[in-house]
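>>> What shape does this take:
(one chain, ligands or ions: 2)
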Amino acid sequence: MKLNEIKLTNPYLKLPEECYTRVKPTPLNNTFLIHANEEVAKLLDIDIEELYSDAFVDFVNGILELEGSDTFAMCYAGHQFGHFVPRLGDGRAINIGTINNLHLQLKGAGQTRYSRSGDGRAVLRSSIREYLMSEAMHGLGIEGTRAFALIGSEHKVYREDWETGAIVLRVSPSWIRFGTFEYFAHKKKYEELEALADYAIAESYPHLVDEPNKYLHFFTEVVGKTAILMAKWQAVGFNHGVMNTDNMSIAGLTIDYGPYAFLDDYDFQYICNHTDQNGRYSFGNQPNVGEWNLQALMHALAPMVSIEKLEKILDHYGRLYTDRYLYLMSKKLGLDTLKDSDLDLVKHFLGMMQGLNIDYTLFFRTLSHYNGDRTALLKLGLYHKPMNDWLDSYDERLKDNTSTIEERQRAMLLTNPKFVLKNYILQEAIDAAKEGDFTVVDALFEIAKNPYAEHEQHERWAGSTPDEFKNKKLSCSS
Ligand code: AMP
Ligand code: MG
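Residues are numbered from 1 along each chain as shown. Ligands and ions are numbered 1, 2, ... in the order given. As a prediction, this is how the structure comes out:
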């Protein structure tokens, strides 16, 4: 399809008016395309050539309105660092319409009713981070919103210093957050709450639409999806950094990339967010916060379903999480099947990693080549005894595998990425981009798409993080 053949729909606008506010994007000055995601264009049936036209930049800049365009910002509340904020909302995201059940949203396209004191903008560095990370998550098989296009500009935006503004055009099958439900529950607007629940069910869990206890089933689904998402983050070593309930998707998607990080050296207590002084959103605490956030959602749903029933569902969260996490770890370790005793093997492994300061991603990639010769693995840490002890248990456990060594290695190489977009790598892309060079963005996008491939020309990004960049914290300002 050509851009001018697209007909946008706006299903969210059928909800009560309290759910959103209509708003037009405020364009940036002197914009240019930095990158467009051809795979997402295919999902939207948009011709690839269209992505490289001037009209497309205008589209991402909010100037070109397509047929059916009716732009709006969504209203939500949220618990930020444990404190309830009754009204947040899309302060710098503007929804521009739906194609093939994917909702398109511009991030950084100007102020909305929910901007509070913010300028409605997103700076180049944080937009590059969101753009690349969305693709990286997809490449890793972790559910999340997708990035369709990234434009830069000469528009001045002030943060700690003057920077330039950018816009990410992102798409998602759902933009509804736990905090969207909290908004209406807090205001005791129960009709709107129910309308929102019906909408969310139809959008993300259509098999429940005609179920008699659909709201309870809905919560069950969200609990399950959240447990799975947390297990995936923990297994791959991803720290989101701002797990406020307004950044939690009711569809179990990773959303809103801020000061996130992939682990460098394994550290259960790692905190990527500079403002998170108590480590509420530390790497190791994410599964607990997932449950805390589900509790907040549960209270928001309580006007529609008995709290006792909801609590019973939430009681399963811990088991669901642990089962999935252990399963994923068993796959990372190359085990054919999961046994009860593997919990001990994984605990032993995590203890060893915590003590040895070993790069998490590099360890698993090296283990994926393991054939009994320990040399490469032992080189990763300073002390050999803890690793030898763990490898003794691992060797013993591998005897129960029925697959051959080669089969195990092949499976592990498709499970353990060679590359994750660590912050120091993203910073290289940002530093080059600030000088007008987007080749590093292009290269990282290719890596993000397939992190399991060898990409020999980028070998240096597959090693452990240089010491000066390890386990740093990131500022939230974006
Ligand atoms: P975040 O922590 O990025 O998910 O943002 C939390 C809330 O602040 C959301 O309601 C955002 O829309 C809003 N927000 C963040 N940055 C800005 C900005 N520059 N302008 C307006 N609103 C913003
Ligand atoms: Mg957010």
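>>> tell me which element Q105 falls in.
Using DSSP states H and E, Q105 maps to strand 102-107.
>>> Please apply the same query to G381.
Using DSSP H and E, G381 falls outside every helix and strand.
>>> wouldn't it be in contact with I358 here?
Yes - between G381 and I358 there is a contact under Cβ atoms under 8 Å: 5.1 Å. Backbone N, C-alpha and C define where each C-beta goes, glycine included.
>>> other SSEs contacting the strand holding Q105?
Using 3 or more Cβ pairs under 8 Å, 6 or more residues apart in numbering; DSSP states H and E, the elements in contact with strand 102-107 are strand 93-99, strand 162-172.
>>> Using PDB, list the CA coordinates for it.
What follows is strand 102-107 as a C-alpha-only set of coordinates in PDB (Å, rounded to 0.1, in the frame of the first residue of the first chain):
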ATOM      1  CA  LEU A 102      -1.500  -2.400  15.400                       C
ATOM      2  CA  HIS A 103      -1.900   1.000  17.000                       C
ATOM      3  CA  LEU A 104       0.600   3.600  15.800                       C
ATOM      4  CA  GLN A 105       1.900   6.100  18.300                       C
ATOM      5  CA  LEU A 106       4.300   9.000  17.900                       C
ATOM      6  CA  LYS A 107       6.600   9.500  20.900                       C
END
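>>> anything in that strand near ligand 2?
No - if you take Cβ under 5 Å from the ion as the test, strand 102-107 misses ligand 2, and the best it gets is 9.6 Å.
>>> next one: stretch 109-127
No - applying Cβ under 5 Å from the ion, one finds stretch 109-127 out of contact with ligand 2, separated by at least 10.9 Å.
>>> okay, that stretch in CSV with CA atoms only?
Extracted as CSV, the C-alpha positions of stretch 109-127 are listed here (Å, rounded to 0.1, in the frame of the first residue of the first chain):
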residue,chain,number,x,y,z
ALA,A,109,5.5,14.8,19.0
GLY,A,110,4.6,17.5,21.4
GLN,A,111,2.5,18.4,24.4
THR,A,112,-0.8,16.9,25.3
ARG,A,113,-3.3,17.5,28.1
TYR,A,114,-1.3,15.1,30.2
SER,A,115,2.2,16.7,29.8
ARG,A,116,2.1,18.3,33.2
SER,A,117,5.4,20.3,33.3
GLY,A,118,7.0,18.3,30.4
ASP,A,119,7.7,19.6,27.0
GLY,A,120,6.2,16.7,25.1
ARG,A,121,9.5,15.9,23.5
ALA,A,122,12.0,13.1,23.4
VAL,A,123,15.6,13.7,22.8
LEU,A,124,17.7,11.9,20.1
ARG,A,125,19.7,9.8,22.5
SER,A,126,16.7,8.3,24.3
SER,A,127,14.8,7.8,21.0
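>>> Quick one: closest of the helices and strands packed on strand 102-107 to K399.
For K399, the closest of the helices and strands packed on strand 102-107 is strand 162-172, at 45.0 Å, according to Cβ to Cβ.
>>> Show me what counts as buried in that closest one.
The neighbour-count check on strand 162-172 (16 or more other Cβ atoms under 10 Å) flags E163, T164, G165, A166, I167, V168, L169, R170, V171, S172 as buried.
>>> Go through these and name the one nearest G120.
G165 (9.4 Å).
>>> ok, that closest one touching I151?
No - using Cβ under 8 Å as the test, G165 is too far from I151 to be in contact (9.4 Å).
>>> Overlap in contacts, the two.
Contact criterion Cβ atoms under 8 Å, 6 or more residues apart in numbering; residues shared by G165 and I151: L28.
>>> Close to ligand 1: what parts of the stretch 51-200 of the chain are there?
Neighbours of ligand 1 within the stretch 51-200 of the chain, by Cβ under 6 Å from any ligand atom: L88, G89, D90, G91, R92, Y114, S115, G118, D119, G120, R121.
>>> Now do I142 against F268, distance only.
20 Å (Cβ to Cβ, to the nearest Å).
>>> Now the residue of the stretch 151-300 of the chain found nearest ligand 1. Nearest residue, chain neighbours left out?
Proximity of the stretch 151-300 of the chain to ligand 1 (Cβ to the nearest ligand atom) peaks at D256, 4.3 Å away. Leaving aside its chain neighbours, D256 sits nearest to N247 (4.3 Å; criterion: Cβ to Cβ, 6 or more residues apart in numbering).
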